[in-house]
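A.B. asks: Give the three-dimensional model of this entry:
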Amino acid sequence: MRRPKYYVGIDISSASFTAGAGTTPWKVVIKATEFENTTDGFVAFMDWMKERSILADNAVLCMEATGVYGEKLAYYLYANHYRLAVEPPLKVKRAFMPHGHKNDRVDSQQIAEYSCRFYDELRYWEPKEELLEQIKVLLATREQFTVQKTTHQNILKALKRKVVATPLAEQLHQQSIRQIKQNIKQIDAEIQRLIDQDPKYGQMIKLLMTVPGVGLLLASNILLMMETTPDDPTNPRQLASYIGISPYECHSGSSVYRPASSRHYGPAMSRKLLYLASLSVRTHNQTFKKYFLRKVAEGKSKKLVLNNIANKLLKIMCAVVRTNTPYISNYRSVHPSLLLNP
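C.D. replies: Below you'll find the predicted structure:
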């Protein structure tokens, strides 16, 4: 694809955003200008670009991922057919040496330069389907309520151990726990309702839930990741790396060596649900239970074996979705060469 003429960098905040533009070989051609982060500001930004011949077919726009601050602008630019890349802030920061001034004008120009230098690596933003966005918000809200419930339970447990009891405090914590449990039930019911009303995603969730240890929450999380992964959505290695359960070796020369370990970042909720699923199948599924006991007897750590089980579950889930067939508990694979023998 032919490289664009202009690269526009957008540094966005809650109340405003700043945009500057450059061209290749990299040179700033349009100084940074500030706009309000409102609909009127979006219109003014669009007029600003058109006055300078920055059009949808000759420009690439780039901004850092800032959550809800840039969401409305992203939707507005997408509706006007502009190519917009939303990049991780840390990735942009590491592309430049930490020197000179630090302000919105400099940041917008650096983001524009970043999009020029790494043009071939940019991934253009597209809005998620409304159903997926709603499920994502509901799952995040459910996790927040779960954390709050655990906090109230721990405080209540501590209050009951005190010599001097405070009935009102205990009562309020109990009320909060009951209310949070009710909220969680409502969220689960709403997630189920949203999935049931969509034949495509409803079928995918049903297939995922045939896998041992996989419930509605884990299936919904995996579904979101598969639908938002830009490359191969059913590649278990790619998903395992994204979640943070894929072990990587650390070995360099003769002096640097550490046992392979998984990275400690990624979507924590998906990682936690996979871990809980691995605990469940280790206890209740005979195949995984035998595997766990055998590996522990060989000297493997329990944590390592549970991580292996989590990877196996993820691999099965990807296979179930890729083949569009439910999990078969008594399935045994056969080498193709054996089928040729009479």
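
A.B. asks: rest of the way, CA atoms for contacts and neighbours
C.D. replies: Noted.

A.B. asks: residues contacting the residue most central in space within the chain?
C.D. replies: For the chain, the residue sitting closest to the mean C-alpha position, by C-alpha atoms, centre = their mean, is residue 267 at 5.4 Å. Contacts were defined as C-alpha atoms under 8 Å, 6 or more residues apart in numbering; by that measure residue 267 touches 242-244.

A.B. asks: So for residue 278, what pLDDT did the model give?
C.D. replies: pLDDT recorded at residue 278 is 96.

A.B. asks: quick one, helices of the stretch 201-342 of the chain?
C.D. replies: In chain order, the stretch 201-342 of the chain shows helices spanning 216-228, 236-243, 268-284, 286-297, 302-323, 336-340, with DSSP state H, counting those that start in this stretch as the criterion.

A.B. asks: Is it possible to get CSV of the contacts of residue 267 that adds pLDDT, neighbour count and distance to residue 145?
C.D. replies: Rendered in CSV, the data for the contacts of residue 267 read as follows (pLDDT from 0 to 100; neighbours: other C-alpha atoms under 10 Å; distance: C-alpha to C-alpha, whole Å):
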residue, pLDDT, neighbour count, distance to residue 145
242, 86, 17, 25
243, 89, 23, 22
244, 88, 19, 24
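
A.B. asks: If we only consider the residues you listed, which is nearest to residue 126?
C.D. replies: residue 242 (19.5 Å; C-alpha to C-alpha).

A.B. asks: Residue 265: neighbouring residues, count only.
C.D. replies: 12 (other C-alpha atoms under 10 Å).

A.B. asks: For it, give its distance to residue 131.
C.D. replies: If you measure residue 265 against residue 131 using C-alpha to C-alpha, to the nearest Å, the figure is 26 Å.

A.B. asks: Mind exporting the C-alpha coordinates of stretch 302-309 to PDB?
C.D. replies: Coordinates of each C-alpha in stretch 302-309 appear next as PDB, following Å, rounded to 0.1, in the frame of the first residue of the first chain:
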ATOM      1  CA  LYS A 302       2.200 -27.800  41.300                       C
ATOM      2  CA  LYS A 303       2.100 -24.200  40.000                       C
ATOM      3  CA  LEU A 304       3.800 -25.200  36.800                       C
ATOM      4  CA  VAL A 305       1.500 -28.200  36.200                       C
ATOM      5  CA  LEU A 306      -1.600 -26.000  36.800                       C
ATOM      6  CA  ASN A 307      -0.200 -23.500  34.300                       C
ATOM      7  CA  ASN A 308       0.200 -26.400  31.800                       C
ATOM      8  CA  ILE A 309      -3.400 -27.400  32.400                       C
END
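
A.B. asks: tell me which residues of it are tucked away?
C.D. replies: Along stretch 302-309, these residues count as buried under the neighbour rule (16 or more other C-alpha atoms under 10 Å): 304-309.

A.B. asks: now, among these, which is nearest to residue 203?
C.D. replies: The closest of those, once distances to residue 203 are taken by C-alpha to C-alpha, is residue 309, at 24.7 Å.

A.B. asks: For the protein, give me the ranges with low pLDDT.
C.D. replies: Across the chain, the stretches falling below the confidence threshold (pLDDT under 70) are 1, 229-230, 256, 333, 335-336, 338-342.

A.B. asks: Do a quick rundown of the strands in it.
C.D. replies: Listed in chain order, the strands of the chain (DSSP state E) span 6-12, 16-23, 27-36, 59-64, 83-87, 247-252, 256-262.
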